[in-house]
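Novice: coords please:
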Amino acid sequence: MKRTVIKIDEEHCNGCGNCVRGCHEGAIQLINGKAVMISDLYCDGLGACIGDCPVGAIELVEKETKPYSEVAVMERIHTKGENVILAHLKHLRDHNQTKWFNEGIAWLRENNIDIDLTKIAAPSSGTSKLQQWPVQLRLLNPAADFFQGADLLLASDCSAFTGRSFHSQFLRNKALAIACPKLDSNTESYIQKITEMIDQSKINTITVLMMEVPCCGGLMRIVEMAKNNAKRKVPVKSIIMSVKGDVLSEEWVA
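Specialist: Here you go, the predicted structure:
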């Protein structure tokens, strides 16, 4: 099958090991002073390791490979202790990978491995997950503390009014910027701000939440131009929502 996995440029890799620590699935190891992907089977394609690479030696690519296996990951990491298992499960939950999260929990139960899941318990869906103010992209300072190393949610203005669980499903554990590519003027400044977030604030990932209407596609174009201008590489996820609030598609696109 064709799916998204990481690719490491060993020539540019400086052997710092940040990506190894950032990969909770154990897909990367340091071998002879270089980061090496040991098996696509363990790579979930979510790109958590990319934000940890100081030299931009990791990127997301699409290739023909075997499907990701949560069972294989659990078999590999369970001997490393509870903290590693919890970090992995939290990583899946924070990226809304419910299927893999549930598969991991099921494997632990089937193998009588007891861990304290309350340590990564999700906040109540009835509370706000907003971590900062302001939120409108035009008003935001890309160097603000809440962007440092953060996962960014760039959401269309309409999405929060349409999504039934905007806070718990999309905003949890993310910094927020909202914009409307159709009604906002001078979107060139948006490109510059996101470029600065990538290079200076070193944001970890970007999730672009758009409505199914054509005008929302401009948000992704803004992000693509910012990525082209930036010196660092960050993974980008596209989520498209229907006008009734249903998620129509969710995929890592870069």
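
Novice: which residues of the stretch 1-150 of the chain fall in strands?
Specialist: Applying DSSP state E, counting those that start in this stretch to the stretch 1-150 of the chain gives strands spanning 2-8, 28-31, 34-37, 58-64.

Novice: including mean neighbour count and distance to residue 115, could the ones you listed go into a markdown table?
Specialist: Placement of C-beta: from N, CA and C, glycine included. Output for the strands of the stretch 1-150 of the chain, formatted as a markdown table (neighbours: other Cβ atoms under 10 Å; distance: least, Cβ to Cβ, whole Å):
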| stretch | mean neighbour count | distance to residue 115 |
| --- | --- | --- |
| strand 2-8 | 18 | 27 |
| strand 28-31 | 16 | 23 |
| strand 34-37 | 18 | 27 |
| strand 58-64 | 15 | 29 |
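
Novice: okay, those strands in a markdown table with distance to residue 114 next?
Specialist: As requested, the strands of the stretch 1-150 of the chain are exported to a markdown table (distance: least, Cβ to Cβ, whole Å):
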| stretch | distance to residue 114 |
| --- | --- |
| strand 2-8 | 32 |
| strand 28-31 | 28 |
| strand 34-37 | 31 |
| strand 58-64 | 34 |
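
Novice: and those: which comes nearest residue 70?
Specialist: strand 2-8 (14.0 Å; Cβ to Cβ).

Novice: if the most centrally placed residue in the chain is in a bridge, with which residues?
Specialist: Centroid check for the chain by Cα atoms, centre = their mean gives residue 205 as the closest residue, at 4.6 Å. For residue 205, the beta-bridge partners under DSSP bridges are residue 151.
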